[in-house]
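Peer 1: Got a sequence here, can you build the structure:
(2 chains)
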Amino acid sequence: MDHLSEIEKKLAQLVPPALSEESQCSLDLTIDELSGVDSSVTSWGRFRFFKIAAVISLLAVPVVLFQWGGGAEGEDQTLGETLEPALDPAFDSAFDGTLAVAKVESIPQMELLKSTKRIDAQEDDGLIVPVNGAPPHYRYRYRVVDEEKVRDPQTGMVITLRQPRQEVVTIPVTCF
Amino acid sequence: MACRQSKAWSRAWKLWISEHGSRLYMYARQRCSCREDAEDMIQDALVRLWHYQEERNNAPPDLPLAYSVLRFIALDHGKKQGRKQKKEKAILYLHDQNDYWLDTSVEDDEESEILREAVNSLGEKLREVVTLKVWGGLTFHEIGESMAISPNTAASRYRYALEQLERKLQSLNQSRQARYGSFE
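Peer 2: Residues are numbered from 1 along each chain as shown, chains lettered A, B, ... in the order given. Model prediction:
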């Protein structure tokens, strides 16, 4: 079994996926209902928590930008520096704490690591009989997710791009 | 007092779900065709387990029991799906490979992908044993209880599955190298 321990180790390294957030919330609500805990309190508490967290984040954004710009003393100058480059198409600077505008030529060439097309879900619409007299057909809807993983060779940053879409497949009913 | 007890049960079960949710999802996902069905099955299993555990002080269940219940629900779900599919002349039966039951966003290397393919191509009984042993956190004895087989049978299936995976890994590696050339 020693030679199989290698395979076991590799299998153990593969990561199982987690439940979706929606499913997690749904299970929590079910547990609350079954145990008789007032779920409106817990869900309101959670909702209020997220509301407060969102407000704090929005308030923090100007503070962060303000600090990034150099503080109160240099505020006017910094704002000037940040606004003007955005208007000046020739501006192209390295990161120095101000907002920089990238020219089209300076957008890095990304390296494609992985490109997948995944079918996430399938829905069966059943037999469709069009009212306009067209032949009947079976219709299936597929939720497809196009996923691309790219890497910026300069910074090493890996970005995953996911684009969900719906594909509809129709299968005509054959004569019999 | 009753309210405090209810909250304690609720906390215990939520903790249990957060600890074992991904394992249960993984097990359920390999027995159906999409994430939504797997999550529905877990929801059903949770309700059944709760009612079963009412006689046992509402304590969260043992994992082998949870898998057994999930297995029963999956079998029932499979029968319903099978009847539905037999009615239609569905030529396409899509099996979502990548969202299947292993998170593909973490590993990026070629071998992991090959290994996922190999596990996916195992027979149902072998795949089930591997899932429960490697990711399900069960011993062979517990796997035997869950699948209604003897621990020896569980161990044999597991060994056989690993041997198959090793062979498949080698042959998939060879075929990929033949197609794309060596990456070394």
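
Peer 1: Could you tell me which helix of chain B is the longest one?
Peer 2: Assignment by DSSP state H gives helix B:151-180 as the longest helix of chain B.

Peer 1: hmm, that helix touching chain A?
Peer 2: Yes - among the residues of helix B:151-180, B:159, B:162, B:163, B:165, B:166, B:169 lie within reach of chain A under C-beta under 8 Å from any C-beta of the partner chain. Glycine gets a C-beta too; all of them are placed from N, C-alpha and C.

Peer 1: Isn't the last one up against residue A:7?
Peer 2: Yes - counting by C-beta atoms under 8 Å, residue B:169 touches residue A:7, with 7.2 Å between them.

Peer 1: so which helix or strand takes in residue B:18?
Peer 2: Here residue B:18, judged by DSSP states H and E, is contained in helix B:2-29.

Peer 1: And for residue B:167, the neighbour number?
Peer 2: Other residues near residue B:167 number 11, with proximity taken as other C-beta atoms under 10 Å in any protein chain shown.

Peer 1: ranges for the helices of chain A?
Peer 2: Using DSSP H, helices in chain A cover A:2-13, A:21-35, A:39-69, A:75-87.

Peer 1: Just give the strands next to the longest strand seen in chain A in its sheet, each with its orientation.
Peer 2: Longest strand in chain A by number of residues (criterion: DSSP state E): strand A:111-128. Take DSSP bridges as the rule and strand A:111-128 pairs in its sheet with strand A:137-151 (antiparallel).

Peer 1: In contact with residue A:170, which residues are there?
Peer 2: Applying C-beta atoms under 8 Å, 6 or more residues apart in numbering or on different chains, we find residue A:170 in contact with A:128, A:137, A:138, A:139, A:140.

Peer 1: let me redo that: residue A:139
Peer 2: With C-beta under 8 Å, 6+ apart, residue A:139 has these contacts: A:125, A:126, A:128, A:168, A:169, A:170, A:171.

Peer 1: tell me the contacts of the residue nearest to it when sequence neighbours are not counted?
Peer 2: Closest residue to residue A:139 apart from its sequence neighbours, by C-beta to C-beta, 6 or more residues apart in numbering or on different chains: residue A:125 at 4.0 Å. Contact analysis of residue A:125 by C-beta under 8 Å, 6+ apart lists A:138, A:139, A:140, A:141.

Peer 1: What is the burial count for residue 32?
Peer 2: Assuming you mean chain A. 22.

Peer 1: think we crossed wires, I meant chain B
Peer 2: The burial count for residue B:32: 18, using other C-beta under 10 Å.

Peer 1: where does it land in three-state SS?
Peer 2: Following DSSP: H, G, I helix; E, B strand; the rest coil, we place residue B:32 in the coil state.

Peer 1: measure it to chain A for me?
Peer 2: 11 Å (C-beta to the nearest C-beta, to the nearest Å).

Peer 1: same thing with residue B:54?
Peer 2: Where chain A is concerned, residue B:54 sits at a distance of 9 Å (C-beta to the nearest C-beta).

Peer 1: Would you mind listing where chain B has pLDDT under the threshold?
Peer 2: B:1-2, B:81-110, B:180-184 (pLDDT under 70).

Peer 1: Return the residues in contact with the spatially most central residue of it.
Peer 2: The residue lying closest to the centre of chain B (C-alpha atoms, centre = their mean) is residue B:27, at 1.5 Å. Contact analysis of residue B:27 by C-beta under 8 Å, 6+ apart lists B:67, B:70, B:71, B:101, B:128, B:131, B:132, B:136.
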